[in-house]
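Engineer: compute the structure for the input listed below.
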Amino acid sequence: FCKSILKDITERRSLSISINQFRNYCKNLDAHCSCSYDFPQGQEILTLEKQCHARRIDILLSVLLIVQKLLQENIHMSKRDIYYMHPSLYSEQSIVDQAINDICILLQCSRHNINVVGTSLELLILPRYVN
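Structural biologist: Numbers count the residues shown, from 1 in each chain. From the prediction side, this is the model:
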């Protein structure tokens, strides 16, 4: 995903990210994305030409960087914890939630596969799901 973004930028092509929209997002505790079992309700194309899209792409990449670190260090974090890492950047919890949903859709996995839990309470429950 990141390589394709970098390639578009270096080749001076207009960056566009296509994100399917689903009624249900990836919340399963197993490895499967629940979105993949449902037909997309549409598709959203994010481009750098629109300021609101550019901001969403920036936030998406910021959260993706955090997810990469979580996976590399094999630690888990709640969506709220991610928000509080940079509250001035995200401005609202829902912005982080949207970025996590977008990442799950792009990677076709549940948020548990990217070591992100919905609440701190799930961090207490999680060990029984981890192999």
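Engineer: point out where the protein drops to low pLDDT.
Structural biologist: Scanning the chain for pLDDT under 70 picks out 22-41, 120-131.
Engineer: what segments of it are helices?
Structural biologist: Using DSSP state H, the helices of the chain run over 2-10, 51-73, 79-85, 87-90, 93-107, 120-125.
Engineer: residue 21: which of the ones you listed is closest?
Structural biologist: Of all those, helix 93-107 sits nearest to residue 21, with 8.2 Å by Cβ to Cβ. Quick note: C-beta positions are derived from backbone N, CA and C, even for glycine.
Engineer: that closest one: how far from the chain's middle?
Structural biologist: How far helix 93-107 lies from its chain's middle: 3 Å, per Cα atoms, centre = their mean, to the nearest Å.
Engineer: residue 13 and residue 5, how far apart?
Structural biologist: 10 Å (Cβ to Cβ, to the nearest Å).
Engineer: so for residue 18, which of the helices of the chain sits nearest?
Structural biologist: Of those, nearest to residue 18 by Cβ to Cβ is helix 93-107, at 9.0 Å.
Engineer: circling back to that earlier point, quick check: which of the helices of the chain is buried the most?
Structural biologist: Most buried of the helices of the chain by mean neighbour count (mean count of other Cβ atoms under 10 Å) is helix 93-107; its value is a mean of 20.
Engineer: do I have it right that residue 21 meets residue 45?
Structural biologist: No: contact criterion Cβ atoms under 8 Å: residue 21 and residue 45 do not qualify, at 11.0 Å.
Engineer: so which of those two has more stuff around it?
Structural biologist: residue 21 (14 against 10; other Cβ atoms under 10 Å).
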